[in-house]
Structures are given as structure tokens and as C-alpha cells.
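Asker: Sequence and predicted structure are below.
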Amino acid sequence: MAYDIQGPAQGDGLADVLERILDKGVVIAGDVSISLVGIELLTIRLRLLIATVDKAKEMGINWWENDPRLSAQADALETQNASLLTRIDALEAKLATQIEERPVA
């Protein structure tokens with residue numbers, strides 16, 4: 001006599017479950033607090049969103065588009081930033097010398 005092993009009535013594969021999660025989106029939120037004698041020493045707030053890029057944009061979440069570390073232009077932005085900081089330092093030094101050279105009335 002042979003016994004057939006049957007799985008769940010409706011077997012969803014990992015790909016189906018993942019597709020459903022990404023399509024709808026999942027938010028996981030939690031807080032961890034460490035206190036000693038009623039004094040809060042440490043609080044960690046965790047927020048995790050799992051969704052496709054399209055779903056995230058639909059929800060109004062698009063922070064990665066403007067993050068220079070995630071942008072293809074990150075190197076160009078860093079170079080431009082360094083150049084601007086150098087110019088600011090030069091202008092501040094020039095202004096400081098002009099103020100020192102100004103005659104006191």
C-alpha cells in the first residue's frame with residue numbers, strides 16, 4: 001500500500017509569496033528601550049518598509065532619488081561640494097582681510 005504525502009491545499013511557492021508582499025508592501029515597526037532605575041539609557045526605533053520601487057513611489061517615498069550616495073552623480077556632487085567649500089573659505093579670508101584693513105573712524 002503506497003501513501004501519498006500531500007502538502008497544503010493551496011501551495012504557494014516562495015516566488016508567489018514574495019510577489020504578493022512586494023505588490024502590497026509590508027511595514028515592520030518596533031521600538032527597543034533600555035532603562036536603568038527608571039532612566040532611559042537607549043532607545044532604538046526601527047522602521048522597515050518592504051515594497052517594490054513602483055509601490056514605494058506610489059506611497060510618496062522616493063528618498064533614494066536625491067541621496068547623493070545612491071546617485072550615479074555622487075562623485076560629481078562631491079567634487080562640486082569640495083570646490084564650493086574652497087571658494088567659501090577664500091571669500092571668507094578675503095572678507096576678513098578687508099575688515100582688518102578698514103580704517104577706524
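Answerer: Structure's in. What do you need? What you see is a predicted model, and the numbers here were worked out from it, not measured in a lab.
Asker: What ranges in this protein fall below the confidence cut-off?
Answerer: Scanning the chain for pLDDT under 70 picks out the ranges 1-11, 68, 71, 104-105.
Asker: Break it down into its domains, please.
Answerer: Split into domains by automatic domain parsing, the chain comes to 16-61, 67-105.
Asker: Mean neighbour count for those - can I get that in a markdown table?
Answerer: All C-beta spots, glycine's among them, are computed from the backbone N, C-alpha and C. Formatted as a markdown table, these follow (neighbours: other C-beta atoms under 10 Å):
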| stretch | mean neighbour count |
| --- | --- |
| domain 16-61 | 11 |
| domain 67-105 | 9 |
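Asker: What segments of this protein are strands?
Answerer: For the chain, strands defined by DSSP state E occupy the ranges 26-36, 39-50.
Asker: Need the ones you listed in CSV (columns: distance to Leu18).
Answerer: Shown next, in CSV, are the strands of the chain (distance: least, C-beta to C-beta, whole Å):
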stretch, distance to Leu18
strand 26-36, 11
strand 39-50, 9
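Asker: Contacts only, for the residue nearest to Leu22 when sequence neighbours are not counted.
Answerer: Of all residues not flanking Leu22 in the chain, Thr52 sits nearest, at 4.7 Å (C-beta to C-beta, 6 or more residues apart in numbering). Contacts for Thr52 (C-beta atoms under 8 Å, 6 or more residues apart in numbering) come out as Leu22, Asp23, Gly25.
Asker: Can you tell me which helices and strands the top helix by length along the chain packs against?
Answerer: Determined from DSSP state H, the single longest helix within the chain is helix 74-101. Packed against helix 74-101, as judged by 3 or more C-beta pairs under 8 Å, 6 or more residues apart in numbering; DSSP states H and E, are no other helices or strands.
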